[in-house]
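In: Output the structure for:
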Amino acid sequence: MGGLATVTLLADAIDKAETFIDVFVSVYSLVILLYIVASWVRLPYSPWLNRIQRFLYDVSEPYLRIFRRLLPSLGPLDLSPMIGIIVLVILGQVAIRILDQFH
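Out: Below is the predicted model:
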């Protein structure tokens, strides 16, 4: 009886980890997209808007900087957010498939 409970507990933990990875990829992709939109739009100065833009910058920029170093410069066109989101989705799917192997 103890072995069945352990297997059930492990399966539940794996399901929760898969859900966490899926939600993390979705939320982080949304943060990157909001960062892109906020960088395009000139917003009036407001302490709240400034804090939101600063949060988006602080969360997105370290990850996007990795791809800016690797990608060649294409003038004013920055492809790092698109490549970053694609890599994030692919890594999320790979992690979920690896976790599925333990079921």
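In: Pretty sure residue 10 sits against residue 102.
Out: Yes: Residue 10 is within contact range of residue 102, at 7.3 Å (criterion: C-beta atoms under 8 Å). Quick note: C-beta positions are derived from backbone N, CA and C, even for glycine.
In: looking at this, residue 54 is in a helix?
Out: Yes: Residue 54: assigned to a helix according to DSSP: H, G, I helix; E, B strand; the rest coil.
In: Pull up the per-residue confidence for it.
Out: In this prediction, residue 54 carries a pLDDT score of 93.
In: what's the burial count for it?
Out: Residue 54 has 11 neighbouring residues, counting by other C-beta atoms under 10 Å.
In: can you pull the pLDDT of residue 62?
Out: Looking at residue 62, its pLDDT is 95.
In: doesn't it fall inside a strand?
Out: No: counting by three-state DSSP, residue 62 is not found in a strand; it is helix.
In: And it, how close does it get to residue 32?
Out: 12 Å (C-beta to C-beta, to the nearest Å).
In: So between the two, which is more surrounded?
Out: Taking other C-beta under 10 Å, residue 62 and residue 32 do not tie; residue 32 has more neighbours (22 against 9).
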